[in-house]
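K.L.:
mind folding the following:
(2 chains, ligands or ions: 1)
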Amino acid sequence: MEPFTAVTGPAAPLLRANIDTDVIIRVERLVGTTRESMGAHAFEIWRLRPDGSEDPEFVLNRKEFRGAPILLAGANFGCGSSREGAVWALAGMGVRAVIAPSFSDIFRNNAFQNGLLPVVLDETTVRAIAAQVEAAPGNARVTVDLERQVVIAPDGSAHPFAIDPARREALLAGLDDIGLTLRAADAIAAWQRADRAARPWAWPAAPQQRT
Amino acid sequence: MATLFDKLWQAHRIAAAGRGQDLIHIDRILLHDLSGARALGEVAEKGYRVPHPELAFATPDHAVATAPGRTAETFARGAAGVAMLRDGANRHGIRLFDLGQDGQGIVHVMGPELGIVLPGLTVVCGDSHTCTNGGLGALAFGVGSSELTHALATQTLRLAKPKSMRVRFDGAFPPGTTAKDAVLHAIGALGTGAGAGYAIEWAGSAVRALPVEQRLTLCNLSIEMGARMGFIAPDETVFDWIAGRDFAPKGAAWDAALAAWRALRSDDDARFDADHAIDAGGIAPQVTWGTSPEHVIAVDAPIPAPDAAPDEARRKAWADALAYQGLAPGRPLAGTAVDWVFIGSCTNARLSDLREAAAIVRGRRVAEGVSAWVVPGSVRVKQAAEAEGLDRVFREAGFDWREPGCSLCVAANGEAVPPGARCVSTSNRNFVGRQGKDARTHLASPAMAAAAAVTGRITDIRRPF
Ligand code: SF4
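P.N.:
Model (predicted):
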């Protein structure tokens, strides 16, 4: 997983509340699509018009926000189904951090598992940052600094955010839960060595290698 | 002072894992063609490896046809999952019990049967009925896809410890009452949410007296009471049953196992966070009338009226369930005409289940207009049943005798109960659409299902028919 330290770039304002995982990625895209290629289908319900052409009005289609690494969103982002594909789709389109007043629990957990940082700031702050971005589209830059736990708005103002220390550490090191657990690989191996001696009956022989 | 659950948890706790969780060692991982295939792919995609392939075992069961002569391609939409399972098992060096091979079967049937699952082990599978294995005294539970991937890649899980509950069945079950009836009764009495957040120890004199296969049936429905884990303290009945099975320990390892297993019980003064006692002698054969396992009554009891429901939410749920099932309150279920009978699933498709059903069917015919299937739980069950001539009993009566798989329990394999048809099923879920779109399910024991097949209606096996 790619470590997350700090990200600076355009921030796309998508301030609707309750953006659900169905909007982020349609369920049909979950089958037969690799994680990597899912980015092309992110938000397609809004990004494409009924005839399949791009809707130039949609914020993520505007040239100043194409490939923006930061998304500014409304409350309860990522609600709906538990599909991890929603996170893959965002990551696939280059999003590294989403700033919103709140997130669905499952989405938040899935985000941490995939190196995407969910940042919680109060609604007034999110709206203020979005207003600054809209005032100077193409020039405004936002920074999400995980090391210092602050968001720097285009006007230079700093907005601290809270994050579970273990989550922060894992993201800084680029570790999902598996990676985090594997940092305890020595402890696991030691436990298993002791266990093989204590419970020899619990350990079946390895399958015979195929020739 | 400790419960069996405390002991099992403590014995597998490697370390604290933060966020209120413990890092728990996982002793066995079981994989099937849906969740297992995906998780194996996911491990590879994330760039991890499986450090202990000898602790994982795979078999296809969910999205495969059960028609005689079936292959992975018979149900075309399931073929990709089976192929992924084969690839993944092969790539990681995991034992696979493939279609047409010895050992294949419903994952929760083949695990105990081959001695893969043993008392005192932690066992996970990407399937909520993994709790079935608790019948052997294992701490077994279903996990989601990211947990399964985590278990494969690390041989551990980060888990918050559930609370403990004991449910005792005191006394003895009356004739005609099986473990299936007992657990359905408990779910009816306590509710499908009663076990949420708990690990359930099933106990009491009536449970102690159950043979192993009935214990597996009882634990199978733990999840229908909301509990991820349900188990029974293992005893000599279990140890005798396990001895000599393919992957069971042998020689000195067996002796060490026995010594360890005999300590697997709750201390006499152990405290449970919740404790329930049920009079086993008062449990009659059960049949579900609605669309949740808690919608269950004795076969001769009247179908409840929504107006008698304890609250508004249930009044509405009961009314919806009755409408879906095409039933009216007031009458007993006995006598209700049925169209289908399914004897199968990880709940009731082991050899003793088929024997109980065959004992009712022997010398009789499936009633006119009824479609009746027997789907053995595994290749071993099928072969053992055929060696006893049970297949002939069923076939001569007009049943379909099929290949092992989940089949009509889940209808994700091209096999389904037709819309509107009423089916008595030995499986564990009577949810709306579970056995097929608009199919009406009545959960019951194998003997009750067999009686329904030969009479063409829901029948009380305690009376002559
Ligand atoms: S038989 Fe039914 S409940 Fe059991 S594993 Fe298969 S689908 Fe799940």
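
K.L.:
for the closest residue to A:R47 other than its chain neighbours, give me its contacts.
P.N.:
Computed as C-beta to C-beta, 6 or more residues apart in numbering or on different chains, the closest residue to A:R47 that is not its neighbour in sequence is A:F58, at 5.4 Å. Placement of C-beta: from N, CA and C, glycine included. For A:F58, the contact set (C-beta atoms under 8 Å, 6 or more residues apart in numbering or on different chains) comprises A:F43, A:W46, A:R47.

K.L.:
quick one: which of the residues you listed has the most company?
P.N.:
Greatest neighbour count in the contacts of A:F58, by other C-beta atoms under 10 Å in any protein chain shown, goes to A:F43: 21 neighbours.

K.L.:
what residues does it make contact with?
P.N.:
A:V23, A:I24, A:F58, A:L60, A:A89.

K.L.:
tell me the pLDDT of the last one.
P.N.:
Reported pLDDT at A:A89 in the predicted model: 94.

K.L.:
and B:R13, backbone torsions?
P.N.:
phi -80, psi 120 (degrees, to the nearest 10).

K.L.:
try the one 3 residues further on
P.N.:
Taking degrees, to the nearest 10, you get phi -70, psi 150 for the backbone angles of B:A16.

K.L.:
ok, for it, nearest residue in space, not its chain neighbours?
P.N.:
Nearest to B:A16 is B:D22, by C-beta to C-beta, 6+ apart, at 6.1 Å.

K.L.:
then A:F4?
P.N.:
Per C-beta to C-beta, 6+ apart, closest to A:F4 is A:L171, 4.4 Å.

K.L.:
tell me the average confidence for the helix or strand hosting that neighbour?
P.N.:
Per DSSP states H and E: A:L171 is located in helix A:165-173. Average pLDDT, helix A:165-173: 91.

K.L.:
what's that helix packed up against?
P.N.:
With contacts taken as 3 or more C-beta pairs under 8 Å, 6 or more residues apart in numbering or on different chains; DSSP states H and E, helix A:165-173 sits against helix A:105-112, helix A:177-182.

K.L.:
is chain B contacted by the last one?
P.N.:
Yes: with C-beta under 8 Å from any C-beta of the partner chain as the measure, helix A:177-182 is seen reaching chain B through A:D177, A:I178, A:T181, A:L182.

K.L.:
tell me the one among those residues nearest to B:T156.
P.N.:
A:T181 (5.9 Å; C-beta to C-beta).

K.L.:
does that closest one really touch B:H150, like I thought?
P.N.:
Yes: using C-beta atoms under 8 Å, A:T181 is in contact with B:H150, at 6.8 Å.

K.L.:
out of the two, which sits in the busier spot?
P.N.:
Neighbour totals were compared for A:T181 and B:H150, and B:H150 leads with 28 against 24 (other C-beta under 10 Å).

K.L.:
quickly find the element holding that one.
P.N.:
Per DSSP H and E: helix B:145-154 holds B:H150.

K.L.:
is any residue of that helix near chain A?
P.N.:
Yes: Helix B:145-154 comes into contact with chain A (C-beta under 8 Å from any C-beta), by way of B:S145, B:S146, B:T149, B:H150, B:A153, B:T154.

K.L.:
burial of the residue of the stretch 251-400 of chain B found nearest chain A, as a residue count?
P.N.:
At 3.6 Å from chain A, B:A257 is the closest residue in the stretch 251-400 of chain B, using C-beta to the nearest C-beta. Neighbour count of B:A257, defined by other C-beta under 10 Å: 23.

K.L.:
OK, contacts around it?
P.N.:
B:A257 makes contacts with A:R199, A:W201, A:A202, B:L118, B:P119, B:P249, as judged by C-beta under 8 Å, 6+ apart.

K.L.:
the third one contacts A:A194, doesn't it?
P.N.:
No: counting by C-beta under 8 Å, A:A202 does not reach A:A194; the two are 11.8 Å apart.

K.L.:
and these two? Which one has more around it.
P.N.:
A:A202 (21 against 10).

K.L.:
what's the closest non-adjacent residue to that one?
P.N.:
That would be B:D27: by C-beta to C-beta, 6+ apart, it lies 5.6 Å from A:A202.

K.L.:
quick check, that neighbour in contact with B:L121.
P.N.:
Yes: between B:D27 and B:L121 there is a contact under C-beta under 8 Å: 4.0 Å.

K.L.:
list residues touching both of the two?
P.N.:
Common neighbours of B:D27 and B:L121 (C-beta under 8 Å, 6+ apart) are A:A202.

K.L.:
list the buried ones in stretch A:89-108?
P.N.:
By 16 or more other C-beta atoms under 10 Å in any protein chain shown, the buried positions in stretch A:89-108 come out as A:89-93, A:95-104, A:106-108.

K.L.:
which ones among those residues lie within strands?
P.N.:
Judged by DSSP state E, strands contain the following of those: A:A97, A:V98, A:I99, A:A100.

K.L.:
spell out which parts of chain A neighbour chain B.
P.N.:
Residues of chain A lying near chain B (C-beta under 8 Å from any C-beta): A:35, A:84, A:110, A:113, A:164, A:166, A:176-178, A:181-182, A:184-185, A:187-188, A:191-192, A:195, A:199-207, A:209-210.

K.L.:
narrow those residues to those that are buried.
P.N.:
For these, buried by 16+ other C-beta under 10 Å: A:35, A:84, A:110, A:113, A:176-178, A:181-182, A:184, A:188, A:191-192, A:195, A:199, A:201-204.

K.L.:
domain map for chain B?
P.N.:
Listed by automatic domain parsing, the domain ranges of chain B are B:4-160+B:231-258, B:288-455.

K.L.:
redo the helices and strands packed on helix A:165-173 as CSV? Include distance to the ligand and mean pLDDT.
P.N.:
Compiled in CSV, the helices and strands packed on helix A:165-173 are given as follows (distance: least, C-beta to the nearest ligand atom, whole Å; pLDDT from 0 to 100):
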stretch, distance to the ligand, mean pLDDT
helix A:105-112, 23, 87
helix A:177-182, 26, 94
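
K.L.:
which stretch among these comes nearest B:A274?
P.N.:
It is, among those and with distance given as C-beta to C-beta, helix A:105-112, at 25.9 Å.

K.L.:
residues contacting that closest one, please?
P.N.:
A:21, A:77-79, A:82, A:84, A:86-87, A:98, A:103, A:117-118, A:167, A:170-171, A:176, B:146.

K.L.:
now B:Q21: closest residue in space that isn't a chain neighbour?
P.N.:
Of all residues not flanking B:Q21 in the chain, B:R158 sits nearest, at 4.4 Å (C-beta to C-beta, 6+ apart).

K.L.:
could you pull up the mean pLDDT of the strand or helix carrying the one you found?
P.N.:
Applying DSSP H and E as the criterion places B:R158 in strand B:156-159. Across strand B:156-159, pLDDT averages out at 96.

K.L.:
what does it contact?
P.N.:
With C-beta under 8 Å, 6+ apart, strand B:156-159 has contacts from A:177, A:181, A:188, B:14, B:17, B:19, B:21-26, B:124, B:143, B:147, B:150-151.

K.L.:
from these, which land in helices?
P.N.:
Using DSSP state H, the subset of the contacts of strand B:156-159 located in helices is A:D177, A:T181, A:I188, B:E147, B:H150, B:A151.

K.L.:
any idea how far the first one lies from A:R183?
P.N.:
Between A:D177 and A:R183 the distance is 11 Å, computed by C-beta to C-beta, to the nearest Å.

K.L.:
again with A:A173
P.N.:
With C-beta to C-beta as the criterion, A:A173 and A:R183 are 8 Å apart.

K.L.:
for B:G69, same thing?
P.N.:
Relative to A:R183, and taking C-beta to C-beta, B:G69 is found at 50 Å.

K.L.:
show me which of the two is the more surrounded one.
P.N.:
Shown here are B:G69 and A:R183; by other C-beta under 10 Å, A:R183 has more neighbours (12 against 8).

K.L.:
how about the nearest residue to that one, chain neighbours excluded?
P.N.:
Nearest to A:R183 is A:L175, by C-beta to C-beta, 6+ apart, at 7.0 Å.

K.L.:
the ligand versus B:C219, what's the distance?
P.N.:
12 Å (C-beta to the nearest ligand atom, to the nearest Å).
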